[in-house]
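# Quick one, what's the 3D model for this:
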Amino acid sequence: MATDLMGLIGSVLNGGVVDQIGKVVGESPAKTQAAVNGAVPSILAGMLNNAGSSPSGAGQLLSMLSGGGFEKVIGNLGGILGGGQGQVDQLIGSGKQVLTSLFGNKLGGVTNALSSSAGVSTGIGSSILAMAAPVVMGTIGKQVSSGGLNASGLLNLLTSNKDSIAKAAPAGLASALGVGSLGELGTKATALVGEGVRGASSSARRWFPLAMAAAVLIAFLVYRGSSDRAERAAAPATGGSGNAVRNLATVSLPGGGQMNVEQDTFLFNLAGYLGNTSDTTVPKAFVFDNLNFESGGTTLTPASSATVADLTRVLNAYPSTRVKLIGYTDASGEPAANKALSLGRAQAVAVMLTKGGVASNRIDTDGMGQADPLAPNDTEAGRARNRRLELVVIQK
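Next up, the predicted model:
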């Protein structure tokens, strides 16, 4: 009986993990699940396309699996996704190395097919595809190591799953890969490769730099995750602003919903204020934390999208609340450009909130540029404080 690769990978990318991914990218659970469902067969199709493209193709892929260290991600995936922006960015970086190896200049078309099928933006589709890639590689790697598979065994493993891959693949994937149908994948292998990597031609060397780069990122993720867990175990939990880990608190929302957030953070303070019926102070301002944009742009980093996703939950729980998002920059650059950038960032967050179900007439936006600094602009620490987004509650 053929090994069910889709099922094995699905057991790793389970509902809890998909929820974490959705928070990271700022997408709804349903669309995140659809994107993950499309990402897995897309990556498998890319592997099969490479493995079956020539007698040496499976040997090249085997070399990549053996040298990448991808299996280490599977046991630590939840910790990586919940470990902050740095770890998520490292995961995405390793995934992009894999995707570039598998798809080359076809990656854009694959990303577009996945994003269109799942109904998500290409940016979110790209991030989900990249996060899924090390998981898929790790799952296949475990099958290779546990079964002692050589290159021909790897090709047989992938080929035996071709029908399920084609059935689950997003529309347009075959075209993106340059084949008439996904049923053609693997048919170009005219001979099975020999034992291990010996069946690969010298062209397999082109895989090693990307595979090794991904391995370095994976090793860093595992080390960092272990280090962080050790620090959390050793450090006392405090509510202060020092280096110790802060206490998590459960915040109850109207309708029975709950959120686990760190005390004395933006979301904790906002939810507490909205839930306190005796505090009628308006307007009331809150400064975002855990919110970062790409340098000079209006695109949120993947990890920062989780903050907006949680904010969406809070605002949806208090439907009478109206807010104003106000962006600020530091004093670097031209004032007019800074004002436009600050407004664009506020509007970008507003768009994400409306996509999550918050009515657009409940959200105003403004950009103040370098006005009203919180700290002097002559130090990097001061400039970092001044680059901020504020949420002002104008109606509870």
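# Surely Asp366 and Leu343 touch.
Yes: using CB atoms under 8 Å, Asp366 is in contact with Leu343, at 6.6 Å. All C-beta spots, glycine's among them, are computed from the backbone N, C-alpha and C.
# Find the residues that touch each one of these two.
Gly327 (CB atoms under 8 Å, 6 or more residues apart in numbering).
# When the two are compared, which one has more neighbours?
The neighbour comparison of Asp366 against Leu343 (other CB atoms under 10 Å) goes to Leu343, with 19 against 16.
# do you know how far that one is from Leu300?
15 Å (CB to CB, to the nearest Å).
# show me where the stretch 251-396 of the chain has helices.
Secondary structure of the stretch 251-396 of the chain by DSSP state H, counting those that start in this stretch: the helices cover 266-275, 305-317, 335-355, 380-386.
# Now do the longest one against helix 305-317, angle only.
Which is helix 335-355. Per axes from the mean of the first three to the mean of the last three CA atoms, to 10 degrees, the angle that helix 335-355 makes with helix 305-317 is 60 degrees.
# can you pull the alpha-carbon coordinates of helix 335-355 into PDB?
What follows is helix 335-355, C-alpha atoms only, in PDB (Å, rounded to 0.1, in the frame of the first residue of the first chain):
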ATOM      1  CA  PRO A 335       8.700  65.600   5.800                       C
ATOM      2  CA  ALA A 336       6.200  65.300   2.900                       C
ATOM      3  CA  ALA A 337       7.300  61.700   2.100                       C
ATOM      4  CA  ASN A 338       7.200  60.800   5.800                       C
ATOM      5  CA  LYS A 339       3.700  62.100   6.100                       C
ATOM      6  CA  ALA A 340       2.600  60.000   3.100                       C
ATOM      7  CA  LEU A 341       4.400  56.900   4.400                       C
ATOM      8  CA  SER A 342       2.800  57.200   7.900                       C
ATOM      9  CA  LEU A 343      -0.700  57.500   6.300                       C
ATOM     10  CA  GLY A 344       0.000  54.600   4.000                       C
ATOM     11  CA  ARG A 345       0.900  52.400   7.000                       C
ATOM     12  CA  ALA A 346      -2.200  53.400   8.900                       C
ATOM     13  CA  GLN A 347      -4.300  52.600   5.800                       C
ATOM     14  CA  ALA A 348      -2.600  49.200   5.300                       C
ATOM     15  CA  VAL A 349      -3.600  48.100   8.800                       C
ATOM     16  CA  ALA A 350      -7.100  49.500   8.200                       C
ATOM     17  CA  VAL A 351      -7.400  47.400   5.100                       C
ATOM     18  CA  MET A 352      -6.400  44.300   7.000                       C
ATOM     19  CA  LEU A 353      -9.000  45.000   9.700                       C
ATOM     20  CA  THR A 354     -11.800  45.400   7.200                       C
ATOM     21  CA  LYS A 355     -10.800  42.200   5.500                       C
END
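# List the buried residues in it.
338-350, 352-353, 355 (16 or more other CB atoms under 10 Å).
# for that helix, packing partners?
helix 305-317, strand 322-328, strand 363-367, strand 388-395 (3 or more CB pairs under 8 Å, 6 or more residues apart in numbering; DSSP states H and E).
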